[in-house]
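Participant: model this:
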Amino acid sequence: MSIEVSKAQDVVTAASIARPRSDGGVKAGGVFTVVCCDEDGNFKWTDTFHNLVVNQALQDMNVKYFSGVGYTAAWYLGLINGPGASNTYAAVDTLASHVGWVENTSYTGTRKQAVFGSATTADPSVIDNSGAPAVFNIVGGSQAIGGAFLTSVASGTSGILFSANNFSGGDKLVSGGDTLTVTYTFSLDAA
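Facilitator: Numbers count the residues shown, from 1 in each chain. Next comes the predicted model:
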């Protein structure tokens, strides 16, 4: 009689490496898109550039969203003088105090209202004024525009400076009769 002995052994090892997302955060950022046409409507140039969202804007978002204090849906776009190479931007800039750059006012009327459409529900959530871009009608002679900014007031320095920056490709030349069409796109991304 033969006796067969068999031995079986299974070993299973499993490991999981995960990075917990307990450090949840949000990234905020915006992009300006500017298109210039001459007085006859002929295309001259375009530029798209990211902006610096300043500290005052970050605080303003928190205060308005979480505290419900002083909410306004009115936002305005403005232009910045060249030379952009000399312009500097700081997180501590405010509309009343921004020593590194100067507002350009060589256009008809006051700052142009940014009428934002609906925000997307994706990540990132995006909102823009592409349905009604801001249009600046340039007056005066030839001049250099350095960039753009977003604020909560049509004129003066009492409002919130939200963001500002230079064109990505350096100063842009404009002449009287030109129009600058400015679109601002802002996104909030879960970090």
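Participant: For the protein, which segments count as strands?
Facilitator: 26-37, 43-50, 52-53, 76-81, 103-104, 112-113, 125-128, 134-137, 143-151, 161-166, 172-174, 179-190 (DSSP state E).
Participant: now the ones you listed as CSV including distance to Val92?
Facilitator: Just so you know, the C-beta spots here come from the backbone N, C-alpha and C atoms, and that holds for glycine as well. Output for the strands of the chain, formatted as CSV (distance: least, Cβ to Cβ, whole Å):
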stretch, distance to Val92
strand 26-37, 17
strand 43-50, 19
strand 52-53, 11
strand 76-81, 17
strand 103-104, 17
strand 112-113, 26
strand 125-128, 25
strand 134-137, 26
strand 143-151, 15
strand 161-166, 10
strand 172-174, 27
strand 179-190, 21
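Participant: Can you tell me which of those strands is nearest to Ser67?
Facilitator: Among the strands of the chain, strand 26-37 comes nearest to Ser67, with 16.8 Å by Cβ to Cβ.
Participant: Would you mind giving me the confidence score for Val5?
Facilitator: The per-residue pLDDT reported for Val5 equals 46.
Participant: before we move on, back to that, most tightly packed of the strands of the chain?
Facilitator: Ranked by mean neighbour count, these are led by strand 161-166 with a mean of 25 (mean count of other Cβ atoms under 10 Å).
Participant: That one packs against which elements?
Facilitator: Judged by 3 or more Cβ pairs under 8 Å, 6 or more residues apart in numbering; DSSP states H and E, strand 161-166 is in contact with strand 26-37, strand 43-50, strand 52-53, helix 55-62, strand 143-151.
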